[in-house]
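> What shape does this take:
(2 chains)
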Amino acid sequence: MEETLKIVVLVKHVPDAQFDRHITGPGNTTDRDESILSELDEYALEAALQLAEERGGPKAGNEVIALSMGPSGAVNAVKKSLQIGAYSGVHLSDDALAGSDAAATSLALAAAIRHISADGRPVDLVLTGMASTDGETSLIPAQLAERLSFPQVTFASSLEVTGGQVSARRDAGAFSETVEAQLPAVVSVTDQINEPRYPNFKGILAAKKKKIASLSLADIGVDASQVGLAGSWTVVESAEARPPRTAGTIITDDGDAGIKLVDFLAAQKLL
Amino acid sequence: MANALVFIDNPGAALKKSSLELLTIARSLGETAVAFTGELNDDVAATLGAYGATTVYQPSVDDLDNYLVGPKAAYLAAAVAASGATAVLVDNSPEGKEIAGRLGIKLNAGVITDVVGVEADGTAHKSVLAGSYNTTAKATTPVTVLSVKANNVEPAPSGDATAPATAKVEVPADGLANSARIASRTEKPASGRPDLSEARIVVAGGRGVDGDFGPLEELADALGAAVGASRAATDAGWIGHDAQVGQTGVTVSPQLYISAGISGAIQQKAGMQTSKVIVAINKDAESPVFEIADYGIIGDLFKVLPQATAEIKKRKG
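Next up is the predicted model:
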């Protein structure tokens, strides 16, 4: 039997990309109406559930904790994660967190992970998606790892944990790599790693009985001045909606569309 | 004291165009130094000088490549201290962004990613929410770390080339600790085409390609373009996942994006929005992609693409 694991999965409540998304307010932050669990986080949650199930699931003492930071609505990302199968949830919420950049977000998340580790059982693994589907900076896994002094393994397309060590495959860029790191570690996974499961009726019922802990900044020992717009190291000075692209010339192929296309490219000086 | 520090990671025998772009931007911010890794080839050193680098820093250890980003971030932090630079420029690759992220925490410095333009005072321009907003952002910290997208400035030498000085930078020992180690690495077969994230022209295919990327590859080769694909095409196994363009794949903003057999559902459209010119070819006149195409052809890609390829070859002689 493998050692049991305590895994935190970062889940983010993000504006649904199916609709128009907007930037509003004095801090030029993203409007979070019409938000959903970030699609890319489902791969991280599935990876966590598989690792825990290989080790006997919750009965054997494994933990899969969905952690979300954000305003009241962000608890929905935790609830959805519990329906999918996370064993428990943590919602970090505080008015002072609004407008946090990646540096401030990683500070708060690192403090929350230390808090989750402080019950006598340290976190072994922090799993994240490859990026959020709103900010898309991909900075959080790296910054969180730096703050926690954990190794980071990013863009994992497969993942194994044995003997206190994580091993992952990465296929990004010009190389295929196998990388190894000691636990505890921060690991981000790509959408190639697995097929996330959907919540079923049983899962939705079971989720109602699962615990969601609410944490404030005071609970994790972070001062309001360290986060939010006050604690951010970058400021968005202006945001302008890009004028929507409009359709140009549309032609129907009458047998010479390929030649007309080359004429168009030549006229645009693109040949 | 340098004003800007450019990170150039293992260029080999020649600098990539994206590195020349970073050097060009750095010069607009002031005196420029380079934090370099790998073997410093004579030609590369000369080019760095021609692009205005006054000092080239190199790490005291040569096994940075055996680890994921951690030690490179530690090296870069030491190079920032040595150079006194207040702006650090890295490329916008996934690795570049991660190094920027860790460096930001080490230096208490604001990090701005996906930058498409930088003003002399360090204000950065970027495009967010899949190209639907243009924003300006600024770091409020003494040092700013910027990861800059390719293809947004024309590389230009400085005009008064000098041979840069070289200096070693001590990599702190704790940079290697707490980092993931690369246990094995295999280079993927090179296609001979430009790198998708940096290509000036991208020819991308979707469901309508129906398993045959041949006509797209031939057009791409005639244009000197990279080949991309929608998620539907990579999920179907018609082409490697590396070719996937968009939110969960490679972000591109080329001069020209040719979309063939891609319907243009909202996420796909998002992936191509920031291209300068969009051409779409699709049999279905109702495809959403035609709403954003500068030039749309309702037709069969298996007829249109080979005809265009033949015409380009003819004109180029």
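
> alpha carbons only for contacts and neighbour counts from here, please
Noted.

> For the nearest residue to residue B:165 once chain neighbours are set aside, what are phi and psi?
In this structure, residue B:165 finds its nearest non-sequential neighbour in residue B:55, 4.6 Å apart by C-alpha to C-alpha, 6 or more residues apart in numbering or on different chains. With angles defined as degrees, to the nearest 10, residue B:55 sits at phi -130, psi 140.

> biggest helix in the chain, by residue count?
No chain specified, so I'll use chain A. helix A:102-117 (DSSP state H).

> um, chain B though
Assigned via DSSP H, chain B shows its longest helix as helix B:301-316.

> quick check, it touching chain A?
Yes. Using C-alpha under 8 Å from any C-alpha of the partner chain, helix B:301-316 reaches chain A at B:303, B:304, B:305, B:306, B:307, B:308, B:309, B:311, B:312.

> Please name the residues that touch the first one.
Right, residue B:303. Shown in contact with residue B:303 (C-alpha atoms under 8 Å, 6 or more residues apart in numbering or on different chains): residue A:258.

> hey, where'd the helices end up in the stretch 101-250 of chain B?
B:214-223, B:231-235 (DSSP state H, counting those that start in this stretch).

> now the residues of helix B:301-316 next to chain A as JSON lines including pLDDT?
Putting these into JSON lines (pLDDT from 0 to 100) gives the following:
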{"residue": "B:303", "pLDDT": "97"}
{"residue": "B:304", "pLDDT": "97"}
{"residue": "B:305", "pLDDT": "97"}
{"residue": "B:306", "pLDDT": "97"}
{"residue": "B:307", "pLDDT": "97"}
{"residue": "B:308", "pLDDT": "97"}
{"residue": "B:309", "pLDDT": "97"}
{"residue": "B:311", "pLDDT": "96"}
{"residue": "B:312", "pLDDT": "96"}
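
> And stretch B:9-29, how far out from the chain middle?
Put simply, stretch B:9-29 sits 11 Å off its chain's centre (C-alpha atoms, centre = their mean, to the nearest Å).

> any idea of the mean pLDDT for that stretch?
Averaging pLDDT along stretch B:9-29 gives 94.

> again with stretch B:197-204
Averaged across stretch B:197-204, the pLDDT comes to 90.

> Quick check: end-to-end length of it?
13 Å (C-alpha to C-alpha, to the nearest Å).

> Could I get the buried residue list for the helix or strand residue A:76 falls within?
Per DSSP states H and E: residue A:76 is located in helix A:75-84. Within helix A:75-84, the residues that count as buried by 16 or more other C-alpha atoms under 10 Å in any protein chain shown are A:75, A:76, A:77, A:78, A:79, A:80, A:81, A:82, A:83, A:84.

> Can you pick out the most distant pair from the residues you listed?
Across the buried residues of helix A:75-84, the longest distance by C-alpha to C-alpha is 14.3 Å; it joins A:75 and A:84.

> least trustworthy helix or strand in chain B by mean pLDDT?
Least confident helix or strand, chain B: helix B:266-272 with a mean of 70, by mean pLDDT, DSSP states H and E.

> so how far is chain B from residue A:81?
20 Å (C-alpha to the nearest C-alpha, to the nearest Å).

> Near the residue nearest to residue B:112 when sequence neighbours are not counted, how many other residues are there?
Nearest residue to residue B:112, sequence neighbours excluded (C-alpha to C-alpha, 6+ apart): residue B:146, at 5.0 Å. Neighbourhood size, residue B:146 [other C-alpha atoms under 10 Å in any protein chain shown]: 29.

> Can you pull the poorly scored residue ranges out of chain A?
Applying pLDDT under 70 to chain A picks out residues A:1-2, A:17-20, A:26, A:31-34, A:133-136, A:172-173.

> If you tally nearby residues, what's the number for residue 192?
Chain wasn't specified; assuming chain A. Residue A:192: 15 neighbours (other C-alpha under 10 Å).

> Switch to chain B, please.
There are 9 residues near residue B:192, going by other C-alpha under 10 Å.

> and the direction of the one helix or strand residue A:127 maps to versus that of helix A:102-117, what angle?
Here residue A:127 is covered by strand A:125-129, with elements defined by DSSP H and E. Angle, strand A:125-129 to helix A:102-117, by axes from the mean of the first three to the mean of the last three C-alpha atoms, to 10 degrees: 140 degrees.

> Parallel or antiparallel, which strands does strand A:125-129 pair with?
Looking at strand A:125-129 with DSSP bridges, its partner strands are strand A:6-10 (parallel), strand A:185-189 (parallel).

> Run the chain-centre distance for the last one.
Going back to what we said before, that points to strand A:185-189. Centre-to-centre, strand A:185-189 and its host chain are 10 Å apart (C-alpha atoms, centre = their mean).

> coming back round to it: would you point to the one among the strands paired with strand A:125-129 that's packed deepest?
Ranked by mean neighbour count under mean count of other C-alpha atoms under 10 Å in any protein chain shown, those are led by strand A:185-189, which reaches a mean of 27.

> Can you list the buried residues in the helix or strand that that strand is followed by?
Past strand A:185-189, further along toward the C-terminus, the next helix or strand under DSSP H and E is helix A:201-207. For helix A:201-207, burial by neighbour count (16+ other C-alpha under 10 Å) applies to A:203, A:204, A:207.

> what do you get for stretch B:219-236?
Across stretch B:219-236, burial judged by 16+ other C-alpha under 10 Å covers B:219-231, B:233-234.

> Max pairwise distance over those: which two?
Farthest-apart pair in the buried residues of stretch B:219-236 is B:222 and B:231; separation 24.5 Å (C-alpha to C-alpha).

> got a list of what residue 110 touches?
I went with chain A, as the question did not name one. A:144, A:147, A:148.

> think we crossed wires, I meant chain B
By C-alpha under 8 Å, 6+ apart, the contact set of residue B:110 is A:103, A:232, A:233, A:234, B:104, B:139, B:140, B:141, B:143, B:144, B:145.

> Apply 6 Å and report the result again.
A:233, A:234, B:104, B:139, B:144 (C-alpha atoms under 6 Å, 6 or more residues apart in numbering or on different chains).

> among the residues you listed, who's most crowded?
Neighbour counts for the contacts of residue B:110, by other C-alpha under 10 Å, peak at residue B:104, which reaches 29 neighbours.

> And it, how far from residue B:289?
The value you get for residue B:104 to residue B:289, if C-alpha to C-alpha is used, is 39 Å.

> Repeat that for residue B:203.
According to C-alpha to C-alpha, residue B:203 stands 14 Å off from residue B:289.

> Pull up the residues of the stretch 101-250 of chain A that are close to chain B.
Near chain B, the residues belonging to the stretch 101-250 of chain A are A:139, A:142-143, A:146, A:150-151, A:174-181, A:233-242, A:245-250 when assessed by C-alpha under 6 Å from any C-alpha of the partner chain.

> Just the residues you listed: which are in helices?
A:142, A:143, A:146.

> Pop the domain breakdown of chain B in here.
Here the domain assignment for chain B is B:4-177, B:201-316, based on automatic domain parsing.

> any low-confidence regions in chain B?
The low-confidence ranges in chain B, as defined by pLDDT under 70, are B:130, B:247-248, B:266-268, B:270.

> for chain A, what are the nearby residues on it?
Selection of chain B residues close to chain A by C-alpha under 6 Å from any C-alpha yields B:98, B:101-102, B:110, B:132-141, B:178-188, B:291-299, B:304, B:307-308.

> Backbone dihedrals for the residue nearest to residue A:29 when sequence neighbours are not counted, please?
Leaving out its chain neighbours, the residue that sits closest to residue A:29 by C-alpha to C-alpha, 6+ apart is residue A:23, at 5.3 Å. Main-chain dihedrals, residue A:23, degrees, to the nearest 10: phi -110, psi 130.
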